[in-house]
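Trainee: I'll drop the sequence and a predicted model, then ask my questions.
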Amino acid sequence: MEQQPTQAPGGGVDTTVETIFRIESPRIIAGVARIVRDVGIAEELAQDALVAALEQWPRDGVPDNPGAWLTATAKHRAIDLVRRRERYARKLEEVGRDLSLSAPHHVDEPSDPDDIDDDLLRLVFTACHPVLSAEARIALTLRLVGGLTTPEIARAYLVPEATVAQRIVRAKRTLAARAVAFEVPYGPEREARLGSVLEVIYLVFNEGYAATAGDDLLRPALCEDALRLARVLAELMPKEPEVHALAALLELQESRAAARTGPGGEPVLLRDQNRRRWNRMLIRRGFTALGRSNAVGTGSPGPYALQAAIAACHAQALTYEDTDWPRIAALYGALATRVPSPVVELNRAVAVSMAEGPGPALEIVDALTGEPALRDYHLLPSVRGDLLARLGRTAEARAELERAAALARNDRERALLTDRARDLPGSWPGDAVTR
């Protein structure tokens with residue numbers, strides 16, 4: 001079942017319901033899953049609360065705290081469900097003491113100094129259980145925690161929608177059939193799930209940082225959730241260098257948020273951003289986290305440490321012209337070796353174009369044009385178009401930018417690409433991927 005409300009009479013209220021549900025659904029699902037112990041049922045109950053809002057809010061008005069209303073409605077329905085199941089009689093007594101919904105449902109778990117009472121983090125670790133394939137973990141977590149629809153996940157991960165839908169359905173069934181505990185695990189089991197957890201937190205942040213589809217470039221609530229989860233993990237696992245590295249990366253990326261859009265929500269490219277609007281507190285936090293990663297790490301840096309180092313290069317540059325593009329290109333080269341990916345290679349091409357010129361970069365991009373995963377990826381023709389423009393091949397550049405605009409699903413990005421195609425010459429590839 002998609003996390004998209006069905007339109008009903010009510011106009012602006014329906015839009016309000018859709019917006020609030022999209023923001024609040026991860027927390028609602030997490031809170032309900034702690035009661036019913038089944039993420040599939042939790043998602044259905046969250047949808048039930050959405051339907052109730054679509055029915056009641058147009059008639060009664062939007063509540064003062066709509067997120068709390070949705071959460072309370074979903075939790076009450078969860079409690080009713082538990083009551084109807086005799087085998088949950090003992091659990092019902094615990095849940096019944098919490099009808100005020102002011103505190104999370106008590107769960108009998110081993111006492112541990114590293115324990116944490118955070119439903120959203122529990123949801124992430126549950127969705128990343130090793131009984132699921134790596135692909136299923138990612139799809140399910142993006143769905144439940146990121147609030148992404150099946151088409152958005154397919155777009156973000158460059159796979160067919162039907163494949164994503166099957167992964168999500170099978171993942172829910174597997175978790176239910178195996179009676180997977182809704183918990184943050186301990187010791188080796190926690191470490192075994194860590195890679196998947198870090199990956200999905202990063203993907204949730206990316207969807208907030210550059211929304212796959214829709215009217216807005218940014219979805220700040222997703223960035224906030226991902227950043228909070230990364231910070232919690234850094235406290236929970238202080239000796240894991242990649243945990244600190246991910247926190248550093250997200251802090252540094254989020255530091256640019258205020259400068260990335262204009263007054264009307266239009267994208268502001270990196271070279272044009274007012275760096276005085278970059279959040280210096282987040283930059284300091286990012287460098288502190290990166291320092292912790294380096295301090296506890298041994299051997300060569302991991303993929304998040306390399307990406308955080310790239311973000312640090314941007315954060316250190318007082319102006320766009322001061323950016324250390326040769327170092328960024330080298331870091332992308334190391335990242336491509338550590339985790340080979342056509343998207344990483346595309347980013348490397350952008351850095352190479354700024355460090356060495358458009359010619360060498362175009363060779364890298366042309367080698368990617370046959371990659372099946374990038375067939376419908378709008379940033380590939382976007383980068384190629386900008387490189388062609390710098391080489392004076394304007395007609396080819398315009399065609400590539402128009403193709404990129406046609407592929408873009410986000411309205412803001414589509415408008416930006418259309419404008420750049422129209423205004424040729426004068427584009428810069430350093431903005432095509434780096435935002």
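Mentor: That came in fine, so what should we check first? Residues are numbered from 1 along each chain as shown.
Trainee: can you give me how far the longest helix along the chain is from the chain middle?
Mentor: Under DSSP state H, the helix in the chain containing the largest number of residues is helix 12-36. Per Cα atoms, centre = their mean, to the nearest Å, the displacement of helix 12-36 from the mean C-alpha position of its chain is 17 Å.
Trainee: buried ones in that helix?
Mentor: Buried positions in helix 12-36, judged by neighbour count with 16 or more other Cβ atoms under 10 Å: 13-14, 16-18, 20-36. Every C-beta, even on glycine, is put in place using the N, C-alpha and C of the backbone.
Trainee: Which stretches in the protein count as strands?
Mentor: Assigned by DSSP state E, the chain shows no strands.
Trainee: By mean pLDDT, which helix or strand of it comes out lowest?
Mentor: For the chain, using mean pLDDT, DSSP states H and E, the weakest element among its helices and strands is helix 89-96, scoring a mean of 53.
Trainee: any low-confidence regions in the stretch 201-350 of the chain?
Mentor: Residues of the stretch 201-350 of the chain meeting the criterion pLDDT under 70: 211-218.
Trainee: Let me see the contact set for Arg348.
Mentor: Contact analysis of Arg348 by Cβ atoms under 8 Å, 6 or more residues apart in numbering lists Ala329, Tyr332, Gly333, Leu335, Ala336, Ile364.
Trainee: can you rerun that using 6 Å?
Mentor: Going by Cβ atoms under 6 Å, 6 or more residues apart in numbering, Arg348 touches Tyr332, Ala336.
Trainee: roughly how far apart are it and Ala72?
Mentor: Plainly put, Arg348 is 49 Å away from Ala72 if you go by Cβ to Cβ, to the nearest Å.
Trainee: rewinding a little: the longest helix of the chain - contacts with which helices or strands?
Mentor: Applying 3 or more Cβ pairs under 6 Å, 6 or more residues apart in numbering; DSSP states H and E, one finds that helix 12-36 contacts helix 39-60, helix 66-83, helix 119-127.
Trainee: how big is the angle separating the longest one from helix 12-36?
Mentor: With axes from the mean of the first three to the mean of the last three Cα atoms, to 10 degrees as the criterion, the two stretches helix 39-60 and helix 12-36 enclose an angle of 150 degrees.
Trainee: same deal with the shortest one?
Mentor: Compare the direction of helix 119-127 with that of helix 12-36 by the same axes, to 10 degrees and you get 70 degrees.
Trainee: Give me the distance between helix 119-127 and the centre of its chain.
Mentor: With Cα atoms, centre = their mean, you get 15 Å for helix 119-127.
Trainee: what packs against it?
Mentor: Applying 3+ Cβ pairs under 6 Å, 6+ apart, one finds that helix 119-127 contacts helix 12-36, helix 134-144.
Trainee: which stretch among those comes nearest Ala373?
Mentor: When the helices and strands packed on helix 119-127 are compared for distance to Ala373 using Cβ to Cβ, the nearest one is helix 134-144, at 13.4 Å.
Trainee: which parts of the closest one are buried?
Mentor: Using 16+ other Cβ under 10 Å as the test for burial, helix 134-144 gives Ala136, Arg137, Ile138, Ala139, Leu140, Thr141, Leu142, Arg143, Leu144.
Trainee: Tell me which residues are up against it.
Mentor: By Cβ under 6 Å, 6+ apart, the surrounding residues in contact with helix 134-144 are 29, 124, 127-128, 148, 153, 164, 167-168, 171, 196, 200, 203.
Trainee: Check stretch 391-399 too.
Mentor: Contacts to stretch 391-399, defined as Cβ under 6 Å, 6+ apart, come from residues Pro358, Gly385, Leu388, Ala389, Ala421, Leu424, Pro425.
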